[in-house]
Structures are given as structure tokens and as C-alpha cells.
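1. have a look at this prediction, sequence included:
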Amino acid sequence: MPRHLKIATFNVNGIRSRLPHLLAWLKKEMPDVACLQELKATDQAFPIDEIHAAGYGALWRGQTSWNGVAVLGRGVDPVESRRRLPGERADEQARYLEVMAHGVLVCGLYLPNGNPQPGPKFDYKLRWFDRLLKHARALAKLEHPVILAGDFNVVPTDFDIYDPKSWRKDALLQPESRERYERLLAQGWTDSLRAMHPEERIYTFWDYFRNHWPRDAGLRIDHLLLNPALAPRLVDAGVDRWVRGLEKASDHAPVWVKLRRPP
DNA sequence: ATGTCTATATCGTATAGA
């Protein structure tokens, strides 16, 4: 049994086209829990056999073409807590999956991108964020350890992007998006990457345009937030940049935290 | 304004979303 519990999030940008990368990453980094986003596959197309063969159990919520989230558990089948945010009855987009695994309530999420902004997609992003805020407020207060993990599609501050100039009008940097992320933190959530590395430029996403990866022109939009019951166990956090450097990589790199195991 | 991927609808190439 490794000393620490490792929980990660990875926007795979198509699980079928990215399966070799996902399997290589699981084998090398061995996260105990992995939240995946942008499966871009139906439930039937989810590659559960390969994931089982890699030593992981999984729950997933797919959708044709877009979105889709999953949570993998190393050596265990995650136990489903909920498959959608409260107040989502009419929302069919597969963006939220909450499970229990390795003693932690893991909330895997894929917040809407929201571009172009302004417009209906940005309105949807803010509504989705408001639903998350409402649900997260209750989760923060639990005495049980909880983690919010996923692609939040929010660059929290100008320190979390290589250069905000060409992104000022983008939905990821809007004051309305950032203010909601701030409110989330004000509920008591710890931004693990920033807490561990307050002075460091950290990126988790480099788009495919304009040579951004070779120039290390990235954004920090994939986040791992710990509730007060879990935050004292935080020992390390980082980004598996090597995955972004692979041939035909996702535009995101996996992000992880290491947590002390409870006594 | 641009740039590049993935998936879908359909079998070469266009469109949407990010």
C-alpha cells in the first residue's frame, strides 16, 4: 500500500482516440482515483475492458459527440453517489459524476466552456456554475473528505495564464466566471495546486493553436479543490506535463494531488 | 482574424465545439 493517496483529473479530449495515452499514464503514475472529462463517447463506447485490464474499476456518464465524464478507481469499483447536479432535471449534458472511492467523496466535473461570450453558451456556463456553488456549499461543510476535481474552464487569475492579452474576451477569463470561482474558494475549498505552489506559474492546458505547447503558452483551468475535512491531508500537487508532450496528445495534461492516508 | 484538433454524418469532405 503506497504511503499516499493520489487523486488526479485528466481532460482526455476523446477517450477512444486517447486510450493509449490514458493507459500509459495510468501505468506510469498509478493514481488511486482518476477523474476524466470530454470522453466524447456514448456509454456503450466506453472502453471498460481495457480499463479493467489496467487494474481500474470505473463509473462513467457518456454522451454522443461531446462532454462525458468518468471516475476510475485503482483496484476498486467506485460507488455512485450521484450522476448529475441537483437542479439539472432538464439538462442532458454529461458533465458531473459524484462517487465514493478510497474513502473520499470524489466529484468529477466538466464545467461548460462558455464561448462565445456573451451569448447563450456563456449564460449556460454561469447557470451551471451557480448550481455547482449551491451543491458545493453543502459538500464543503461535510465532516467527510470531499474533493472537487475536473476541468473548471476558469483561469482563476492573470497569474494562471501565460499572457491574458489575447484572452481578455474569452469566457475562461470573464469576471463573472472568476467571481464564481472565488465564491467557491470562499466556501472553504482549498485550491491544491495553488496552495502547494503559491509562487509558481502552473499550466494544465495548452490549446492546439499558434504553437502554444512548444512555447509553453498555457492556462491553468483544471483544478483539484479540497474541503476543510480533507485539506489538512494535502502533501503534494503537480501536473504530469509529459502526457501533453506525447504524439497526438490531448490539449490538457493530467493534474494530481497526494494526500496522507487517514490513520 | 487567425490557428488545430475530435467526432459525426457519410465514404471525401463539411460542420460543430473547444
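-> Done, it's in.
2. what about the helices in the stretch 101-250 of chain A?
-> Assigned helices in the stretch 101-250 of chain A, in chain order: A:120-141, A:175-186, A:192-196, A:241-244 (criterion: DSSP state H, counting those that start in this stretch).
3. centroid residue for chain A?
-> A:G150 (1.2 Å; C-alpha atoms, centre = their mean).
4. what sits against it?
-> A:G150 is in contact with A:9, A:11, A:35, A:37, A:69, A:107-111, A:222-223, counting by C-beta atoms under 8 Å, 6 or more residues apart in numbering. (C-beta placed from N, C-alpha, C; glycine too.)
5. which residues are in contact with the residue nearest to it when sequence neighbours are not counted?
-> Leaving out its chain neighbours, the residue that sits closest to A:G150 by C-beta to C-beta, 6 or more residues apart in numbering is A:L109, at 3.9 Å. Going by C-beta under 8 Å, 6+ apart, A:L109 touches A:35, A:37, A:69, A:95-97, A:132, A:148-152.
6. the residue nearest to the centre of chain A and A:Y96, how far apart?
-> To A:Y96, A:G150 is 9 Å away according to C-beta to C-beta, to the nearest Å.
7. what sits in contact with each of these two?
-> Any residue near both A:G150 and A:Y96 by C-beta under 8 Å, 6+ apart counts here, and that gives A:69, A:107-110.
8. for the single nearest residue of chain A relative to DNA strand B, helix, strand, or coil?
-> Nearest to DNA strand B in chain A, going by C-beta to the nearest atom of the strand, is A:G14, at a distance of 2.5 Å. Of the three states, A:G14 takes coil under DSSP: H, G, I helix; E, B strand; the rest coil.
9. report how many residues lie close to it.
-> Under the neighbour criterion other C-beta atoms under 10 Å, A:G14 is assigned a count of 15.
10. A:F10 is in what secondary structure piece?
-> Using DSSP states H and E, A:F10 falls within strand A:4-11.
11. and that strand, which strands flank it?
-> strand A:33-37 (parallel), strand A:255-260 (antiparallel) (DSSP bridges).
12. please produce JSON lines containing those strands, extended by distance to DNA strand B, mean neighbour count and mean pLDDT.
-> Converted to JSON lines, those look like this (distance: least, C-beta to the nearest atom of the strand, whole Å; neighbours: other C-beta atoms under 10 Å; pLDDT from 0 to 100):
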{"stretch": "strand A:33-37", "distance to DNA strand B": "10", "mean neighbour count": "29", "mean pLDDT": "98"}
{"stretch": "strand A:255-260", "distance to DNA strand B": "16", "mean neighbour count": "24", "mean pLDDT": "98"}
